[in-house]
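Asks: Got a sequence here, can you model it:
(one chain, ligands or ions: 1)
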Amino acid sequence: MAVYLDNAATSFPKPPRVYERLRGYLERFGGCPGRGSYRMAKEAEAVLEETRALLAELFGVKEPRRIIFTLNATDALNMAIKGSLRPGDHVVTTVLEHNSVARPLNRLERKGLIQVTRVAASSEGFIDPADIQRALSARTKLVAVLHASNVTGSLQPVAQIGRMVREHGAVFLVDAAQTAGAVPIDVEDACIDLLAFPGHKALLGLPGTGGLCVGPRTQLTPWREGGTGVLSELPLQPEALPYSLEAGSPNTLGLAGLRESVQFILQYGVAWIRAHELSLTKRLLDGLRAHEHITVYGPSSLEHRIAVVSVNIAGCSPAAVAEWLDRTHGIAVRAGLHCAPCAHQAIGTFPEGTVRISPGYFTPPGEIDRCVEALRDAADELAGHTGRRAIPSSQATAEGVAG
Ligand SMILES: Cc1ncc(COP(=O)(O)O)c(C=O)c1O
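Replies: Predicted coordinates for the structure are as follows:
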């Protein structure tokens, strides 16, 4: 059986009730929501609205209509960035951002439409709120910060940053791709105006799902226009949420699955899920940190991290280590830049990146041990203890820059 340790990319497996629901949904409710007055369409519509209400409960959003369904976190981030910025605006962001924030901002900046300030990170992968404060100007329209790094696992002080941004009068966008479902989030408490999240990572739903919470202080320009199933007589996209930002037939199957997984999360509680994932992370860190040839990146304290651990074995290419783990031990981890090149520059692992190990809620502790053992064996081997060398050195591989 393969050992799956790439939950930061997408979670696997999903809660059993998700699989059961998907089958039931396909067999019984497969209508198109909001587009018919017959029972199947109404049932599909009800599934969507129930999912919206559950997500609103999870994130402390008062009005469920402020939850907009998207394809993934990238889609939500594009909607937030392109829907809120105007020519001449200034944006404050960080070097840790994923390309789903960095690339849209880079393009707008290169076209001369906006100005961007990128706040530096510490070697452990933390943003200092004082640096954000210093970067704010009278023209700052948007502050975009990720909740936790998908490279270092470092959890950022978003509530502290949010209060500062609110006082300044700018819009606060948080990329919760790595934390939604894994770390408690309250948009009111953290003064978050726009919260982008995927449904397929720690929310334990299907690929092709995600969302954006749109707070009452923000008005986004629609970047996708078309059928809403309601107010069809209007020549333009309706102004009311969620219709102003949702167009076209939704991913009802995916959202039916998400309804089940969010219910599962609410039932156990995010705090419990976080405690469980951190116990797995501690097991992983304890096993890896003890080896002199393994470098573990990210925060030294467990309290300020999530279940994402980046490592390197001295002298080995991360891509070769990941390939070796899969080939010889059936262990699935991700190597390379993880779509966040500047984060690697900040921690000194550019351009080859790191080997990223990300347990999930359903990871058995024994699988953590198998991964630790395999990496320790590899590091021993490289140090010449066994006289054998299965993993090519970083100089010997051309596959270094991946992901
Ligand atoms: C921090 C961060 N932001 C954004 C994304 C993009 O998420 P999605 O794959 O749902 O578009 C990821 C994906 O790994 C991520 O880790």
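Asks: what about the residue most central in space within the chain, is that helix, strand or coil?
Replies: For the chain, Ala177 is the residue whose C-alpha lies nearest the centre (CA atoms, centre = their mean; 1.6 Å). Secondary structure of Ala177, reduced to three states by DSSP: H, G, I helix; E, B strand; the rest coil: coil.
Asks: Equivalent analysis for Phe12, please.
Replies: Phe12 is classified as coil under three-state DSSP.
Asks: Surely it touches Ser358?
Replies: No. If you go by CB atoms under 8 Å, Phe12 and Ser358 don't touch, sitting 10.8 Å apart. Just so you know, the C-beta spots here come from the backbone N, C-alpha and C atoms, and that holds for glycine as well.
Asks: neighbour-wise, which of these two wins?
Replies: The neighbour count for Phe12 versus Ser358, taken as other CB atoms under 10 Å, is higher for Ser358 (28 against 16).
Asks: these two touch, right, the more buried one and Ala8?
Replies: Yes. The criterion here is CB under 8 Å, and Ser358 meets it with Ala8 at 3.6 Å.
Asks: Mutual contacts of the two, please.
Replies: Common neighbours of Ser358 and Ala8 are listed as Ala307, Val308, Arg334 (criterion: CB atoms under 8 Å, 6 or more residues apart in numbering).
Asks: circling back to that earlier point, quick one: common contacting residues for Phe12 and Ser358?
Replies: Common contacts of Phe12 and Ser358, defined by CB under 8 Å, 6+ apart, comprise Asp6.
Asks: can you list the residues that contact the helix or strand hosting Glu20?
Replies: For Glu20, the element it lies in under DSSP states H and E is helix 16-28. Applying CB under 8 Å, 6+ apart, the external contacts of helix 16-28 come out as 43, 47, 204-206, 252-253, 256-257, 259-261, 263-264.
Asks: in it, what counts as buried?
Replies: Within helix 16-28, the residues that count as buried by 16 or more other CB atoms under 10 Å are Val18, Arg21, Leu22, Tyr25.
Asks: can you check stretch 142-161 too?
Replies: 142-158, 161.
Asks: now, which of these lie close to the ligand?
Replies: For the ligand, the contacts drawn from the buried residues of stretch 142-161 by CB under 6 Å from any ligand atom are Leu146, Asn150.
Asks: picking up where we left off before, same for the helix or strand just after the helix holding Glu20, what does it pack against?
Replies: For helix 16-28, the succeeding helix or strand toward the C-terminus, using DSSP H and E, is helix 39-59. Under the contact criterion of 3 or more CB pairs under 8 Å, 6 or more residues apart in numbering; DSSP states H and E, helix 39-59 touches strand 67-70, strand 210-214, helix 252-268.
Asks: hey, which of these is tucked in deepest?
Replies: Here the criterion is mean neighbour count by mean count of other CB atoms under 10 Å, and of the helices and strands packed on helix 39-59 the winner is strand 210-214, at a mean of 27.
Asks: what does that one contact?
Replies: By CB under 8 Å, 6+ apart, strand 210-214 touches 55-56, 59, 61, 66-76, 79-80, 187, 192-200, 220, 241, 245.
Asks: Show me the subset of those that also lies near the ligand.
Replies: With CB under 6 Å from any ligand atom as the criterion, those include Asn72, Ala73, Thr74, Pro198 near the ligand.
Asks: Rounded mean pLDDT for the host helix or strand of the third one, please.
Replies: Spelled out, it's Thr74. For Thr74, the host element (DSSP H and E) is helix 73-84. When pLDDT is averaged along helix 73-84, the result is 98.
Asks: mind listing what whichever helix or strand comes after it pairs with, with the direction of each?
Replies: Following helix 73-84 in sequence order, the next helix or strand is strand 90-94 (DSSP H and E). Strand pairing for strand 90-94, using DSSP bridges, gives strand 115-119 (parallel), strand 140-146 (parallel).
Asks: ok so, going back, now, which of the buried residues of stretch 142-161 lie within strands?
Replies: Those of the buried residues of stretch 142-161 mapping onto strands are Leu142, Val143, Ala144, Val145, Leu146, per DSSP state E.
Asks: can you put these in a markdown table and add pLDDT?
Replies: Below are those laid out as a markdown table (pLDDT from 0 to 100):
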| residue | pLDDT |
| --- | --- |
| Leu142 | 98 |
| Val143 | 98 |
| Ala144 | 99 |
| Val145 | 98 |
| Leu146 | 98 |
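Asks: mind listing the helices in the stretch 151-300 of the chain by residue range?
Replies: Counting by DSSP state H, counting those that start in this stretch, the stretch 151-300 of the chain has helices at residues 158-168, 252-268, 270-289.
Asks: coming back round to it: who wins for neighbours among the shared contacts of Ser358 and Ala8?
Replies: Compared across the shared contacts of Ser358 and Ala8, Ala307 has the highest neighbour count, 29 neighbours, by other CB under 10 Å.
Asks: is it true that it touches Arg356?
Replies: No. Under the criterion of CB under 8 Å, Ala307 makes no contact with Arg356, lying 10.9 Å away.
Asks: can you name the two of the ones in strands among the buried residues of stretch 142-161 that are farthest apart?
Replies: Leu142 and Leu146 (13.8 Å; CB to CB).
Asks: got the residues of this structure near the ligand?
Replies: Residues of the chain lying near the ligand (CB under 6 Å from any ligand atom): 9, 72-74, 98, 100, 146, 150, 175, 177-178, 198, 210.
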